[in-house]
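**Q** Here is my input, please return the structure:
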Amino acid sequence: MATPAAPVGVIREAPKAGLLLKPLRREILAHARAPISAAGIAAAMGRPRQVVNYHVRELARAGFLRRAGRVRKRGLTEQRYVVSARAFVLAPEILGAMDASAPAATPDKAGAAYLLMLATRMQKELSESWRKADADGAALPLLSLDTVFGFASAAHRARFADALTKAITAVVAEHTTPSPRSGRYRLALGCYPMVN
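**A** Take a look at the predicted model:
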């Protein structure tokens, strides 16, 4: 039985990211959410088996697909594959000096650019911590919060922001220490309007 796919795979090398630029390869990965052979993917996509088989081998070599056992079909043995992760994210460091993980680069802390940079820094630091914890066989002590809400007016939104800032500042002051022995943590909070 195949090992379940990881929830998220972090792509840290530009050449590996480049493999996913072809829509055909992303479609192949979508068909491999459950163990399937290259021939099965080709049939599902209505594409020539040789073409799909080439891309399956490239995706497997890069670690996007992994072997998921063999199956006998019409006297032949077919290798089955499954995606290595249910979703993939690009690590910010792929962009080198253009990596957008330094929020200090923009002074407007109320601007969209700052929030995007903060989210990128969080993604970068979290993926590095996750990789280290995984290598050490340890679990990461994490906290996440995701909720959707609305405001009756701009005045209500401003009062909410003020109250939330005061509450978080008080909780951080009460429960943390400026010189931690067990490592540092980052709390990043963003609030933005969603497109309806």
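
**Q** From S129, how far out is the residue nearest to S84 when sequence neighbours are not counted?
**A** Among residues not flanking S84 along the chain, R66 sits closest, at 5.0 Å (C-beta to C-beta, 6 or more residues apart in numbering). C-beta: built from backbone N, CA, C; applies to glycine. Distance, R66 to S129, using C-beta to C-beta, to the nearest Å: 24 Å.

**Q** now what about the longest helix belonging to the chain, what contacts it?
**A** Ranked by residue count, the top helix of the chain under DSSP state H comes out as helix 112-136. The contact list for helix 112-136 (C-beta atoms under 8 Å, 6 or more residues apart in numbering) reads 10, 12, 89, 91-93, 99-103, 105-106, 108, 139-140, 186, 188, 190, 192.

**Q** what is the rounded mean pLDDT of stretch 114-123?
**A** Stretch 114-123 carries an average pLDDT of 87.

**Q** Strands of this structure, start to end?
**A** Counting by DSSP state E, the chain has strands at residues 9-11, 36-37, 65-73, 76-83, 88-90.

**Q** And the pLDDT for R49?
**A** If you check R49, the pLDDT there is 92.

**Q** ok, now which ones touch the residue positioned nearest the centre of the chain?
**A** With distances taken as C-alpha atoms, centre = their mean, V89 lies nearest the centre of the chain, 3.6 Å away. V89 is in contact with 8-11, 123, 127, counting by C-beta under 8 Å, 6+ apart.

**Q** what do you get if the cut-off is 7 Å, keeping everything else the same?
**A** Counting by C-beta atoms under 7 Å, 6 or more residues apart in numbering, V89 touches 8, 10, 123.

**Q** V82: how many residues sit nearby?
**A** Each residue near V82 was counted by other C-beta atoms under 10 Å, and the total is 19.

**Q** What residues sit buried inside the longest helix of the chain?
**A** 114-115, 117-124, 126-127 (16 or more other C-beta atoms under 10 Å).

**Q** I'd like the distance from it to the chain centre, please.
**A** Distance of helix 112-136 from its chain centroid, counting by C-alpha atoms, centre = their mean, to the nearest Å, is 10 Å.

**Q** Could you do stretch 88-102 as well?
**A** In terms of C-alpha atoms, centre = their mean, the centre of stretch 88-102 is found 12 Å from the chain centre.

**Q** Poorly predicted segments of the protein, please.
**A** Residues of the chain meeting the criterion pLDDT under 70: 1-3, 103-106.

**Q** show me where it has helices.
**A** Using DSSP H, the helices of the chain run over residues 14-18, 23-31, 38-45, 49-62, 112-136, 154-175.

**Q** among those, which is nearest R80?
**A** Closest to R80 of these, according to C-beta to C-beta: helix 38-45, at 7.8 Å.

**Q** relative orientation of the closest one and strand 65-73 in degrees?
**A** Taking axes from the mean of the first three to the mean of the last three C-alpha atoms, to 10 degrees, helix 38-45 and strand 65-73 form an angle of 90 degrees between their directions.
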